[in-house]
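J.: Generate a structure from the sequence data that follows.
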Amino acid sequence: MRITSQMVRATEVVGKAGGWFGVSACVLIMLLVTANVVSRFLWESIPGTLEITQALMVVLTAMLLAYTQARRGHVSVEFVVDRLPARVQKALGLLTLLLALGFIVLLVWQGWNMGWDGWVVKDHSSSPPYVPYYPAKLVFAIGVSLFCFQLIVDTWREIANFLTKEKSDAASIK
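T.: The predicted model follows:
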């Protein structure tokens, strides 16, 4: 159980760091868009604002996935599930985590492929000021990797909770 608690602690620390990185990207987006709007009235718009904002949106979204998962902040529809027995609810929760984990593993794999390919060709925008896209692609891969790790920790925790409850239920029946 010691390894599990260390994994949970590491996931929390890295998730919070990713969260702050995502929030910083949000602040940069707000400042850049505001500066661009103001500059339109004074002289002309800031070149590359759209491309930089798009790249920062990827950073914002990807880096906040793990943080949101750790706080159970993702959208869940519980209208039907709340009416089911507690045991079935736990089983469905575990199934949902496993399905999400399977999808995110594919996203991690393709995210790193996309990030590496972008790095190799130094992917950038097609118009001046030639904003590089590959750093955002690499940050996306990092963000979904953190999300995947958080899902692994949550799945491990749910399995342990499911099995512990099952053993205690079996002991109380005897």
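J.: Not counting sequence-adjacent ones, nearest residue to residue 146?
T.: In this structure, residue 146 finds its nearest non-sequential neighbour in residue 66, 3.9 Å apart by CB to CB, 6 or more residues apart in numbering. Placement of C-beta: from N, CA and C, glycine included.
J.: List the buried residues in the helix or strand containing residue 99.
T.: For residue 99, the element it lies in under DSSP states H and E is helix 86-121. Buried residues in helix 86-121, defined by neighbour count with 16 or more other CB atoms under 10 Å: 90, 93-94, 97, 100-101, 104, 107-108, 111-112, 114-115, 118.
J.: what's the burial count for residue 155?
T.: Residues within reach of residue 155, counting by other CB atoms under 10 Å, total 17.
J.: Then the one 3 residues further on?
T.: For residue 158, the count of nearby residues is 18 (other CB under 10 Å).
J.: Just give me the closest of the buried residues of helix 86-121 to residue 140.
T.: Checking the buried residues of helix 86-121 against residue 140 by CB to CB gives residue 111 as the nearest, at 5.3 Å.
J.: Against residue 135, how distant is that closest one?
T.: From residue 111 across to residue 135, the span is 13 Å (CB to CB, to the nearest Å).
J.: Spatially central residue in this structure, please.
T.: Among the residues of the chain, the one closest to the centroid is residue 65, at 2.1 Å (CA atoms, centre = their mean).
J.: nearest spatial neighbour of residue 21, skipping sequence neighbours?
T.: Spatial nearest neighbour of residue 21, chain neighbours left out: residue 63 (4.7 Å); criterion: CB to CB, 6+ apart.
J.: Tell me which other helices or strands the least confident helix or strand in the chain by mean pLDDT touches.
T.: The helix or strand of the chain with the poorest confidence is helix 134-173; it has a mean of 79 (mean pLDDT, DSSP states H and E). Helix 134-173 sits against helix 2-42, helix 49-70, helix 86-121, with contacts defined as 3 or more CB pairs under 8 Å, 6 or more residues apart in numbering; DSSP states H and E.
J.: quick check: angle from the first one to helix 49-70?
T.: Read it as helix 2-42. If you take axes from the mean of the first three to the mean of the last three CA atoms, to 10 degrees, helix 2-42 sits at 150 degrees to helix 49-70.
J.: Let the chain start at 533 from now.
T.: Okay, using 533 as the starting number, the last item reads as helix 534-574.
J.: the inter-axis angle of helix 534-574 versus helix 666-705?
T.: Here the directions of helix 534-574 and helix 666-705 differ by 140 degrees (the same axes, to 10 degrees).
J.: Pipe the buried residues of helix 618-653 into JSON lines and attach pLDDT and distance to residue 684 per row.
T.: Listed next are the buried residues of helix 618-653 as JSON lines, based on pLDDT from 0 to 100; distance: CB to CB, whole Å:
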{"residue": "622", "pLDDT": "83", "distance to residue 684": "18"}
{"residue": "625", "pLDDT": "84", "distance to residue 684": "15"}
{"residue": "626", "pLDDT": "87", "distance to residue 684": "13"}
{"residue": "629", "pLDDT": "89", "distance to residue 684": "9"}
{"residue": "632", "pLDDT": "91", "distance to residue 684": "11"}
{"residue": "633", "pLDDT": "93", "distance to residue 684": "7"}
{"residue": "636", "pLDDT": "93", "distance to residue 684": "9"}
{"residue": "639", "pLDDT": "93", "distance to residue 684": "14"}
{"residue": "640", "pLDDT": "94", "distance to residue 684": "11"}
{"residue": "643", "pLDDT": "91", "distance to residue 684": "16"}
{"residue": "644", "pLDDT": "93", "distance to residue 684": "16"}
{"residue": "646", "pLDDT": "89", "distance to residue 684": "22"}
{"residue": "647", "pLDDT": "90", "distance to residue 684": "20"}
{"residue": "650", "pLDDT": "88", "distance to residue 684": "26"}
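J.: Thanks a lot, see you next time.
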